[in-house]
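Q: build me a model from this:
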Amino acid sequence: MIDAVGVDIADVGRLRKALERWGEKFVARTFSRREADYCRKHRDEAIRFAARFAAKEAFVKCMGSSRGIPWNEIELVNDGTGKPRIEVSERIRTLLEARHVRQVHVSVSHTAQHAVAFVVFET
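A: Modelled structure (predicted):
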């Protein structure tokens, strides 16, 4: 059964400006080390950061609030085939378990200008 649905679109240019303005401080507060390493391997890292930002925002919308949820504890990672999945810290996993969320589904897409993410919580 579907518990919650969240969607977000991120502007790549806006993320690029945030990366330029706040640099590593912004990256460390918002993304996991694994996400940052992945994004920086690509020619245009802002596109990959924007996709991850959109996924985190969509996840938080499913949660109902970002209060007490460090964004760098929500990770958008890819499996060996490139399929995205969300991994979370134990703290967030405990919150999901309290809501009886069995599975988190995620889909992301991007262009040079925008990234979109769709997250579904399944109970």
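
Q: what pLDDT is listed against S66?
A: Listed pLDDT for S66 reads 83.

Q: check contacts around A117.
A: Contacts for A117 (CB atoms under 8 Å, 6 or more residues apart in numbering) come out as 7-8, 10, 51, 54-55, 57-58, 76, 106-108. The way it works is simple: take the backbone N, C-alpha and C, and place the C-beta from them, glycine included.

Q: wait, E35
A: With contacts defined as CB under 8 Å, 6+ apart, the neighbours of E35 are 49, 52, 75-77.

Q: which among the residues you listed count as buried?
A: Buried members of the contacts of E35, scored by 16 or more other CB atoms under 10 Å, are 49, 52, 75-76.

Q: quick revisit: closest to A112 among the contacts of E35?
A: Set against A112, the nearest of the contacts of E35 by CB to CB is F49 (13.4 Å).

Q: what's whatever helix or strand the closest one lives in packed up against?
A: F49 is part of helix 45-63, with elements assigned from DSSP states H and E. Where contact means 3 or more CB pairs under 8 Å, 6 or more residues apart in numbering; DSSP states H and E, helix 45-63 is packed against strand 2-11, helix 12-30, helix 33-40, strand 74-78, strand 84-88, strand 103-110, strand 114-122.

Q: got the angle for it vs helix 33-40?
A: 140 degrees (axes from the mean of the first three to the mean of the last three CA atoms, to 10 degrees).

Q: and helix 45-63 with strand 2-11, angle?
A: Comparing the axes of helix 45-63 and strand 2-11 via the same axes, to 10 degrees yields an angle of 150 degrees.

Q: if we can go back for a sec, mind giving me the ChimeraX command for buried ones among the contacts of A117?
A: Remark: buried members of these, expressed as a ChimeraX selection using 16+ other CB under 10 Å:
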select :8,10,51,54,55,57,58,76,106,108
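
Q: so D44 makes contact with H110?
A: No: the criterion here is CB atoms under 8 Å, and D44 misses it with H110 at 9.9 Å.

Q: show me which of these two is the more surrounded one.
A: For D44 and H110, the more surrounded residue by other CB atoms under 10 Å is H110, and the numbers stand at 18 against 13.

Q: gap between C62 and E73?
A: Going from C62 to E73 by CB to CB, to the nearest Å gives 15 Å.
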